[in-house]
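Student: For reference, the sequence and a predicted model appear below.
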Amino acid sequence: MITFIICLTLLVAAYFTYGRFLEKVCGIKSDTQVPSKTSYDGVDYIPMSRWKTFLIQLLNIAGLGPIFGAVLGATYGPVAFLWITLGGIFMGAMHDFIAGVISLDSNGESLPEIIGKYLGMTTRQVMRLLSVVMMIMVGAVFMLGPAGILSSMTGWNANFWLYVVLAYYLLATLLPIDKIIGNIYPIFGGALIFMALGVLIVLLIGKYPVPELTTLQNMKLNAEHFPIIPTMFITIACGAISGFHATQSPLMARCLKNKKEARSVFYGAMISESIIALIWAAIAMAFFYDYNGATNGVAGLNAALAEHNNDASWVVNTITNTTLGKVGALLALLGVVAAPISTGDTAFRSARLIIADIIKLDQKSIVKRLYICIPMFVIGFIITLINYEVLWRYFSWANQTLSVFTLWAITVYLYNKPRTEQQKRGPNNRIKGRYNYLISLFPALFMTFICALFLFSSKQMVGLQMINGSLISLGVTILALVAVMLHAKKASI
């Protein structure tokens, strides 16, 4: 429990310390104009209150990620606490915050346009394709999942529920953001927090022994096939760092009323997600401490998952129903139905905005929104008719790879920021922050290596021997560093 409490304390403290430091690095000022006022259109650019934008951002980036990913990552033992905490503070929250700030400074531009601005046209084109494909795939998958669950609950045909979810997605994507998303999401976001607080109380006053971090143990069953490095860093994505988040930040960058709200909305939402992930990792490690004669909770969790086909939803349902009773059953329903639906509709909305930015199509008119939405939803529906399991197997890796591109773009942004300021003030005025780019450089190097290592060494991917995969991944990381820093020195941003 001590390890858990320390990590929880660090996450809370980081919002008031490292988050404030990043504010200074980015030069956040309350009198700066924001897109919701300069580009108000009544559809996507609409000012909303801080508490609404925070809860919407939290639900946008969370969904099932900090719960299911944390449960599966907990199979590696308390070392997962370190990744969630340090990753959340220095990688995920920094990544989300600065990506959100860049979008704010760029009139709410979507992620591919931001990355292209700092990493060049070729990278922009790659990110345009990757982002749109990922968003439509996420939306399609989260049509099928909730439809299947609702069908099993009601006995109604799954196709009926698929059409209901599809119709909802179309409305949520087309209508102004303050109509459905602005009114429903804060409720679901609050419920997500309430569920985590309920589990936290169970942990603090209950009988479940949360294991301590004594060694960097690798408790995962079949560890030879799923080694802790790099698998844990891919499995626990949303709770530590996730490229998907940066695709969602422009939605709220277009709705902030004041630039000073960026820390609470972007950094604060990610810290909150890390806290949720930390709580779920802890209860997952503690709950099954005596499962089928297990000697500790991590071994029990591994045994329970092995018996239930690694189904994290079964773990979540079992824990919430046991610890929180009827309230837990209701919240579990929220988790397996409402959370993925919220992820799906914002994925489609993000795809619409990304495509609109690519083709420079104004979105004030509903007819122009339909120009994008109709073909996009047709493609999404077609995906639901094919076997997408093989593609989805690689989503976690693609998601983390997306964060790599964002981290490198942030590095170029931070590298050039003091240079640009120096040019404004003149050569005789020494500007602070010349080495602020190190804030994102080290996370970019780390995640580049991790994603490359998973690509080359994982049995799901190329499947090389670990030593060979490590050497190739190190080479890829060095090449990425050289290429980005050469581009940064040439860039005039």
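Tutor: The structure has been received and is ready for your questions.
Student: First-to-last residue distance for stretch 259-279?
Tutor: One end of stretch 259-279 sits 30 Å from the other (C-alpha to C-alpha, to the nearest Å).
Student: before we move on, what about stretch 236-256?
Tutor: 29 Å.
Student: heads up, I number from 23, so please use that
Tutor: Taking 23 as the first residue, the last one we looked at is stretch 258-278.
Student: Give the next helix or strand downstream of the lengthiest helix in the chain.
Tutor: If you go by DSSP state H, the chain has its longest helix at helix 143-176. Using DSSP states H and E, the helix or strand that directly follows helix 143-176 along the chain is helix 180-196.
Student: Show me which residues of that following helix are buried.
Tutor: Residues of helix 180-196 classed as buried by neighbour count (16 or more other C-beta atoms under 10 Å): Trp183, Leu184, Val187, Leu188, Tyr190, Tyr191, Leu192, Ala194, Thr195, Leu196. Where C-beta positions appear, they are placed from N, C-alpha and C, glycine not excepted.
Student: Could you pull out the strands in this structure for me?
Tutor: All residues of the chain lie outside strands when identified by DSSP state E.
Student: in it, what secondary structure element scores lowest on mean pLDDT?
Tutor: helix 411-415 (a mean of 61; mean pLDDT, DSSP states H and E).
Student: ok, back up a step: buried set for the longest helix of the chain?
Tutor: Under the neighbour-count criterion of 16+ other C-beta under 10 Å, helix 143-176 has 145-146, 148-150, 152-154, 156-169, 171-173 buried.
Student: where do the helices sit along the stretch 273-422 of the chain?
Tutor: Using DSSP state H, counting those that start in this stretch, the helices assigned to the stretch 273-422 of the chain run over residues 284, 290-309, 319-329, 334-355, 361-381, 388-406, 411-415, 417-447.
Student: still on that earlier bit, quick one, the longest helix of the chain and helix 334-355 angle?
Tutor: 70 degrees (axes from the mean of the first three to the mean of the last three C-alpha atoms, to 10 degrees).
Student: Helix 143-176 to helix 388-406, inter-axis angle?
Tutor: Using the same axes, to 10 degrees: helix 143-176 against helix 388-406 is 70 degrees.
Student: Helix 143-176 packs against which elements?
Tutor: helix 133-141, helix 180-196, helix 265-275, helix 361-381, helix 388-406, helix 411-415, helix 417-447 (3 or more C-beta pairs under 8 Å, 6 or more residues apart in numbering; DSSP states H and E).
Student: Tell me where this structure is predicted with low confidence.
Tutor: For the chain, the stretches flagged by pLDDT under 70 are 237-247, 351, 354-358, 409-415, 441-454, 513-515.
Student: Next, the distance between the ends of stretch 48-61.
Tutor: End residues of stretch 48-61 are separated by 22 Å (C-alpha to C-alpha).
Student: Distance from the chain centre to that stretch, please.
Tutor: 24 Å (C-alpha atoms, centre = their mean, to the nearest Å).
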